[in-house]
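Asker: Sequence first, then the predicted structure:
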Amino acid sequence: PLVLGIETSCDETGIGIVRGTQLLANTVSSSMEEHVRFGGVIPEIAARAHLEAFRPTLRQALDTAGIELDEVDAIAVTAGPGLAGALMVGLSAAKGLALAAGKPLYGVNHLVAHVGVGLLDPAEHHRPGGIGTAENGTAGNGTAANGTGQSGMRELPQNSGALLVSGGHTEILRVGSLTSDVQLLGSTIDDAAGEAFDKTARLLGLGYPGGPAIDAAAASGDPQAFRFPRGLTLPKFEGSAQTPGKHRHNWSFSGLKTAVARAVEQFEAAGKPVPVADIAASFQEAVVDVITAKAVRAATEHGITTLLLGGGVAANKRLRELLAHRCADAGIELQIPPVSLCTDNGAMVAALGAQLVAAGTAPSSLSIPADSSQPVQRISV
Ligand code: ATP
Ligand code: MG
Ligand code: FE
């Protein structure tokens, strides 16, 4: 199916177009610049920016794909989770387009879309001349594990799971089917991984958004310079495989943030320069170590043999490296999307929409609401 995907859950206005698992266009306009001086996304500014960016972004995506709206089989849109006002803009636009063009509407889950982007054909990410994705990432080492089903769509192997690491979520999932069966195995009990990156970057004076800034600063730092805490790793939280503790597969990142703050204070109190690169590298190592260790263990204990990585933090170089290493050791096939498809975009929404169409899922009603706290288990609405 030829599907248009619309994403407006945060500060990216994204329009993506796919044909089955083939990526035809992925146009993203971000209002990030307008939020920099506030150190975080201001919802009202984001919503207005979506209104302004929507039509040019849509036009550019259609031109890139070389299609007109009349040709699409369906329109998919992020229904949640995200900022209510920002979601409303995309959802309203999607409903209007669906009604005007007489196309079915699919309201989809943003988190599942972050995972579903991994089903796009990796060859397309590397097509010379580009498709609006500036950066080529590694397509992971497990792409061969995807079968092509009767619908012509790439399908998930049996016993698949997903690690979702984004600005607002950190979750380990069992994925029976991307269109009908996603279960939560563990999650953060406080900050999300991306949130920890953003808060720590602010503390270190590295600006916003913090993830890419820490990723870059860490490159010249020593990851062993400081030993920052790995949350919820004590035996009382984890228990054993036979008698799992309550937080065996959960994460906590708030203690880590406090530990970084204390380290910075100590240098400042002593009148010494803060070793920003070393702290950034050591912080990143702590986050990535605990994310990957717990994810791989949860996957192993739940019989997961193929793991899809998704979400903005999946762009992190050290995370991609250490997770690949640990999955290989554990005999788990890992699939990592290209960096350009990790942060918010419309292609991921279109990709999940195409899967829903191919699976014969019923379209959404034109009266669906935006759900700012939509849980990951609710794949489409
Ligand atoms: P959610 O998907 O949970 O609703 P979101 O859509 O705001 O949240 P994403 O776009 O998925 O979040 O990811 C943005 C987050 O990814 C930010 O916190 C950002 O700092 C982080 N991030 C982006 N690039 C990197 C990187 N290279 N290393 C670490 N973190 C990164
Ligand atoms: Mg963003
Ligand atoms: Fe996101």
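Answerer: Cool, got the structure. Ligands and ions are numbered 1, 2, ... in the order given.
Asker: from here on, contacts and neighbour counts on C-alpha atoms
Answerer: Will do.
Asker: Return the residues of the stretch 101-250 of the chain in contact with ligand 1.
Answerer: Within the stretch 101-250 of the chain, the positions near ligand 1 by C-alpha under 6 Å from any ligand atom are 111, 166-169, 194-195, 197-198, 209-212, 215.
Asker: and which of those is nearest to Gly245?
Answerer: Within those, the smallest distance to Gly245 is 21.5 Å, found for His169 (C-alpha to C-alpha).
Asker: Identify the residues contacting the closest one.
Answerer: 187-188, 191-194 (C-alpha atoms under 8 Å, 6 or more residues apart in numbering).
Asker: Point out the least confident member of the residues of the stretch 101-250 of the chain next to ligand 1, please.
Answerer: Among these, Pro209 carries the lowest pLDDT, at 89.
Asker: so who does the closest residue in space to Pro223 that isn't next to it in sequence touch?
Answerer: Spatial nearest neighbour of Pro223, excluding adjacent residues (C-alpha to C-alpha, 6 or more residues apart in numbering): Ser282 at 4.0 Å. Ser282 makes contacts with 218, 221-228, as judged by C-alpha under 8 Å, 6+ apart.
Asker: thinking again about what came up before, can I get the residues of the stretch 101-250 of the chain next to ligand 1 in CSV including secondary structure and distance to Ala86?
Answerer: Putting those into CSV (DSSP: H, G, I helix; E, B strand; the rest coil; distance: C-alpha to C-alpha, whole Å) gives the following:
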residue, secondary structure, distance to Ala86
Leu111, helix, 16
Ser166, coil, 17
Gly167, coil, 16
Gly168, coil, 15
His169, coil, 18
Gly194, helix, 19
Glu195, helix, 19
Phe197, helix, 23
Asp198, helix, 20
Pro209, coil, 18
Gly210, helix, 21
Gly211, helix, 22
Pro212, helix, 23
Asp215, helix, 28
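Asker: Spell out the secondary structure type for the residue nearest to Pro223.
Answerer: helix (DSSP: H, G, I helix; E, B strand; the rest coil).
Asker: Ligand 1 versus that one, what's the distance?
Answerer: 13 Å (C-alpha to the nearest ligand atom, to the nearest Å).
Asker: Also Ala93?
Answerer: 19 Å.
Asker: repeat for Ala219
Answerer: Ala219 is 11 Å from ligand 1, by C-alpha to the nearest ligand atom.
Asker: need the contact list for the residue lying closest to that residue once chain neighbours are set aside.
Answerer: Leaving aside its chain neighbours, Ala219 sits nearest to Ala281 (7.1 Å; criterion: C-alpha to C-alpha, 6+ apart). Ala281 makes contact with 214-215, 217-224 under the criterion C-alpha under 8 Å, 6+ apart.
Asker: of the residues you listed, buried ones?
Answerer: Buried by 16 or more other C-alpha atoms under 10 Å: 214-215, 217-218, 221-223, out of the contacts of Ala281.
Asker: just checking, which of those residues belong to strands?
Answerer: Per DSSP state E, strands hold no members of the buried ones among the contacts of Ala281.
Asker: For the residues you listed, give me a markdown table that also has distance to Thr57.
Answerer: Compiled in a markdown table, the buried ones among the contacts of Ala281 are given as follows (distance: C-alpha to C-alpha, whole Å):
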| residue | distance to Thr57 |
| --- | --- |
| Ile214 | 29 |
| Asp215 | 29 |
| Ala217 | 32 |
| Ala218 | 34 |
| Gly221 | 38 |
| Asp222 | 41 |
| Pro223 | 40 |
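Asker: Now flag whichever of these is closest to ligand 1.
Answerer: Asp215 (5.1 Å; C-alpha to the nearest ligand atom).
Asker: from the contacts of Ser282, which ones fall inside helices?
Answerer: Those of these mapping onto helices are Ala218, per DSSP state H.
Asker: possible to save the contacts of Ser282 as a markdown table with distance to Ala100 and pLDDT?
Answerer: A markdown table is the format used below for those (distance: C-alpha to C-alpha, whole Å; pLDDT from 0 to 100):
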| residue | distance to Ala100 | pLDDT |
| --- | --- | --- |
| Ala218 | 49 | 98 |
| Gly221 | 54 | 98 |
| Asp222 | 56 | 98 |
| Pro223 | 54 | 98 |
| Gln224 | 58 | 98 |
| Ala225 | 59 | 98 |
| Phe226 | 58 | 98 |
| Arg227 | 58 | 97 |
| Phe228 | 55 | 97 |
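Asker: about what we covered before: so which of the contacts of His169 is the most crowded?
Answerer: Ala193 (27 neighbours; other C-alpha atoms under 10 Å).
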